[in-house]
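A.B. asks: Dropping the sequence and predicted coords here.
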Amino acid sequence: MPKTRTLYLAGVGAVVLAVVLGLVVAVSPRAYAGTVALTATQLTTTKGRTGRGQPVTNLAEADLSGTTDGWNRYVELIGRYSGYLTFAAPEAVAPESVTAVEVRVNYRGPAPRTQTWTFALYDWASHAWVRVGTNAGVPDWGPWTSLAWPTPAPYARYVSPSGELRLRIQSNNGRDAADLDYVAIALTWDSERATPGGSGTPLAPTATASPVPAPTTVPPSRTASPAPSRTASPSPSPSPSPSPSARPTQPADSPSCPTCWHPPLRTSWNWAIAGVPEAPFRDVDMYDIDGFDASSADVAALHKAGIRVVCYISVGSYEEWRPDAGQFPAGVLGRALDGWPGERWLDVRGIRTTGNELARIMAARIDMCRAKGFDAVEFDNMDGYTNSTGFPLTAADQLAYNRFLAETAHGLGLSAVMKNDVDQIGDLVNHFDMALNEECSRYNECGGYAAFIAAGKPVFHAEYGSSTAFCSADNAANINGVLFSIDLDDSVYRPCR
C-alpha cells in the first residue's frame with residue numbers, strides 16, 4: 001500500500017477515534033459541570049428539638065409561600081436550638097474543583113429582635129464554623145421568605161475529602177421557634193478541575209433528596225453548639241498567636257511554663273461555650289469559649305478587645321459530634337456520661353505508652369487551640385476515675401493523664417486550666433496555671449482551692465441557679481465567682497465582684 005494512503009487512513013482513523021472519545025466524554029456523568037442544588041440527607045439535633053413527625057425530606061422542596069402553614073411540608077426548630085444538616089456532593093466533584101458555594105433557605109419565623117437564627121458552614125480545614133447568614137431583615141412571622149447567602153472563598157474547605165458538607169443552624173435563645181421549608185447548598189464547580197477531560201457542559205440547578213431518618217432529638221448539652229462529624233480533618237497549620245491588647249497582669253511564678261500567660265488572682269471572666277460570642281463583648285479580662293466552634297478570627301476579635309481567650313475542650317469524654325470523633329479507637333470508649341447524650345467516658349490509662357492513640361488525638365486538639373491563637377486550654381472531664389466509666393481507672397491513672405495534658409499545653413506555649421477534680425488539687429497545683437470549678441459552693445468543696453490561691457494562681461468558680469449567696473465566701477477567699485445559666489449561653493451573668 002502506498003505510504004501516502006497509509007498516512008491518509010491513519011489520519012482518518014485518528015479523527016474518528018477522537019470523535020468517539022469526545023462523545024464518550026460528553027455523555028460521561030463525571031464530565032458534566034456547572035451548578036447543582038444539594039439537599040440534606042440528615043438532620044442532627046444537638047440542642048433543642050424539632051417538630052414531631054417532620055422528616056428532613058420536608059426540606060427538599062421550596063413549596064410554601066405567603067403564610068401557608070403546612071405542618072407536613074416544613075421542619076420546625078424549637079427553642080434554643082443547635083443542630084446541623086448533612087449534604088453529599090456529587091462523586092464527580094473534588095473539593096479543589098469547587099468555584100462557588102451558596103446557601104439557600106426558605107424561612108418563616110421570628111425577626112432577630114425576638115430570636116436570631118444563624119447559619120454556618122463547617123470548614124473542614126480549620127475545624128471551625130464559618131457564618132454565612134442570619135434571619136436579619138425578615139418580618140416577624142410574616143410570609144415565607146427566600147434567603148440566599150454566597151459564601152466566602154476558599155470553597156474547597158467546605159467539602160470534606162469524602163464529599164460531605166455540613167450546615168449548622170442555631171438560635172440565640174429559647175423564646176420562639178423557626179420554620180424551614182427549604183434548605184439547599186448550591187455547589188458550582190469547574191469540570192476541567194473536577195475530572196480530566198470535562199466537557200464544560202453546565203447542569204441546570206436541581207434538587208435531590210434521599211430517604212433519611214427523622215431528626216435526632218438530644219437534650220441540652222454542657223458542650224452546646226457542637227461541631228460535627230465523625231470524619232477526621234487535618235490539624236490546622238501553625239500560625240502565630242495574636243497578641244491581645246495589654247491589660248494589667250501580675251504574673252505568678254510557675255515552674256511548669258514561665259513563658260505562658262499567668263493571670264492575676266483577681267481576673268474577671270465570662271464562660272460562654274453555647275455558641276461563639278460576638279461583639280460587643282462583656283467588659284472582662286477573660287473569655288472561656290468552645291475550642292472547636294470558635295475560629296481564629298473569633299479569637300482575634302476578642303484579643304482586639306483586650307480579652308484573653310481560653311479554649312474549652314473535653315479530654316475525658318468522647319463526643320460523637322466532634323470532627324475528630326472518627327479517630328477514637330473503639331477500645332477507649334466506655335460508658336455513656338449520665339445526662340450528656342452523645343458522650344462516653346474515655347480510657348485514659350497508659351497515656352505515655354508509645355503509640356497511644358488517645359495521646360495523639362488530645363495533642364492534636366491542644367495544637368488546634370494553639371493554631372487558633374488561644375491563650376490557655378480548659379480541660380473538661382478530667383476526673384473520670386471518680387465516675388463509673390466502664391474502666392478500672394485509678395487515681396494514679398488520672399494523675400498521669402492530667403499531667404500529660406498540662407505538659408502538652410505548656411510545650412505549645414499555652415496555659416493549662418484544671419477543671420474540677422478537687423481531690424487531686426494537692427498533686428496537680430504545681431502543674432496547672434489556674435483552676436475552674438463548677439458548683440464547689442453547692443457541694444462545699446471551695447476550700448480545697450486554697451492551694452491555688454496560696455500559689456498565686458487564680459480560681460474561677462461557676463454556680464448555677466438564681467442565688468448569689470455564695471459570693472460573700474468567694475470574695476473573702478479571693479475566688480472569681482460568677483452566677484451563670486446552666487446552658488452557659490451568656491443569658492445569665494452575675495459576677496460576685
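C.D. replies: Good, I have the coordinates.
A.B. asks: Now stretch 483-496: buried residues?
C.D. replies: 483-485, 487-490, 495-496 (16 or more other C-beta atoms under 10 Å). C-beta here means a position set from N, CA and C on the backbone, and glycine is covered the same way.
A.B. asks: Please work out the average pLDDT along that stretch.
C.D. replies: Stretch 483-496 shows a mean pLDDT of 95.
A.B. asks: where in the protein is pLDDT low?
C.D. replies: Counting by pLDDT under 70, the chain contains low-confidence residues at 1-33, 191-256.
A.B. asks: And the helices in it?
C.D. replies: 3-27, 191-194, 296-304, 357-371, 395-411, 425-428, 450-454, 471-477 (DSSP state H).
A.B. asks: Ends of stretch 167-178, what's the gap?
C.D. replies: For stretch 167-178, the separation between the terminal residues is 16 Å (C-alpha to C-alpha, to the nearest Å).
A.B. asks: For Thr118, see how far away the spatially closest residue to Thr67 that is not a sequence neighbour is.
C.D. replies: Excluding the flanking residues, the one nearest Thr67 by C-beta to C-beta, 6 or more residues apart in numbering is Pro143, at 5.5 Å. Here Pro143 is placed at a distance of 22 Å from Thr118 (C-beta to C-beta, to the nearest Å).
A.B. asks: Among these two, which residue is more densely surrounded?
C.D. replies: Thr118 (21 against 12; other C-beta atoms under 10 Å).
A.B. asks: need the contact list for the more buried one.
C.D. replies: Counting by C-beta atoms under 8 Å, 6 or more residues apart in numbering, Thr118 touches 131, 133-134, 168-172.
A.B. asks: can you check Val276 too?
C.D. replies: Contact analysis of Val276 by C-beta under 8 Å, 6+ apart lists 129, 225, 289-290, 293-295, 298.
A.B. asks: quick one: which of the contacts of Thr118 sit in strands?
C.D. replies: In strands, defined here by DSSP state E, the members of the contacts of Thr118 are 131, 133-134, 168-171.
A.B. asks: can you redo the residues you listed as CSV with neighbour count and distance to Ala364?
C.D. replies: CSV is the format used below for the ones in strands among the contacts of Thr118 (neighbours: other C-beta atoms under 10 Å; distance: C-beta to C-beta, whole Å):
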residue, neighbour count, distance to Ala364
Arg131, 19, 25
Gly133, 17, 31
Thr134, 17, 32
Arg168, 24, 22
Ile169, 22, 27
Gln170, 27, 26
Ser171, 26, 31
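A.B. asks: any idea which of these is closest to Ala100?
C.D. replies: The nearest member of these to Ala100, counting by C-beta to C-beta, is Gly133 at 15.2 Å.
A.B. asks: what are the bridge partners for that closest one, then?
C.D. replies: Note on Gly133: beta-bridge partners by DSSP bridges are Phe119.
A.B. asks: hang on, it packs against Pro150?
C.D. replies: No - applying C-beta atoms under 8 Å as the test, Gly133 and Pro150 come out as separate, 9.4 Å apart.
A.B. asks: Inside strands: which ones of the buried residues of stretch 483-496?
C.D. replies: Per DSSP E, the subset of the buried residues of stretch 483-496 in strands is 483-484, 495.
A.B. asks: ok, now which ones touch Leu265?
C.D. replies: Contacts of Leu265 by C-beta under 8 Å, 6+ apart are 250, 453, 456-458, 478.
A.B. asks: In ChimeraX, select just the buried ones from those.
C.D. replies: Provided next is the ChimeraX selection string for whichever of the contacts of Leu265 are buried by 16+ other C-beta under 10 Å:
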select :453,457,458
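A.B. asks: May I ask which two of the contacts of Leu265 are separated the most?
C.D. replies: So, these by C-beta to C-beta: farthest apart are Gln250 and Ile453, at 13.3 Å.
A.B. asks: if we can go back for a sec, identify those among the contacts of Val276 that sit within strands.
C.D. replies: 129, 289-290.
A.B. asks: Looking at those residues, state which has the most neighbours.
C.D. replies: Trp129 (28 neighbours).
A.B. asks: just checking, it touches Asp298?
C.D. replies: No - using C-beta under 8 Å, Trp129 is not in contact with Asp298; the gap is 9.3 Å.
A.B. asks: of the contacts of Val276, closest to Met362?
C.D. replies: Asp290 (16.1 Å).
A.B. asks: Identify the bridge partners of that closest one.
C.D. replies: Tyr312.
A.B. asks: Assess the claim that it and Tyr312 are in contact.
C.D. replies: Yes - between Asp290 and Tyr312 a contact is recorded at 5.1 Å, counting by C-beta under 8 Å.
A.B. asks: Check the gap between the closest residue to Leu412 other than its chain neighbours and Ser296 for me.
C.D. replies: Leaving aside its chain neighbours, Leu412 sits nearest to Arg370 (4.5 Å; criterion: C-beta to C-beta, 6+ apart). According to C-beta to C-beta, Arg370 stands 11 Å off from Ser296.
A.B. asks: With neighbour numbers in mind, choose between the two.
C.D. replies: Shown here are Arg370 and Ser296; by other C-beta under 10 Å, Arg370 has more neighbours (22 against 17).
A.B. asks: Can you verify my assumption that the more buried one contacts Ser415?
C.D. replies: No - contact criterion C-beta under 8 Å: Arg370 and Ser415 do not qualify, at 11.3 Å.
A.B. asks: List the contacts of Pro150.
C.D. replies: Residues near Pro150 by C-beta under 8 Å, 6+ apart: 100-102.
A.B. asks: wait, Cys369
C.D. replies: Contacts of Cys369 (C-beta under 8 Å, 6+ apart): 291, 311, 313, 377, 409, 412, 414.
A.B. asks: who touches the fourth one in this structure?
C.D. replies: Counting by C-beta under 8 Å, 6+ apart, Val377 touches 291, 310-311, 313, 366, 369, 405, 409, 414-417.
A.B. asks: what's the answer for the fifth one, then?
C.D. replies: Neighbour list for Ala409: 257, 366, 369, 376-377, 415-416 [criterion: C-beta under 8 Å, 6+ apart].
A.B. asks: so which of these is the most crowded?
C.D. replies: In those, the most neighbours by other C-beta under 10 Å go to Val377, 29 neighbours.
A.B. asks: With that, I have no additional questions.
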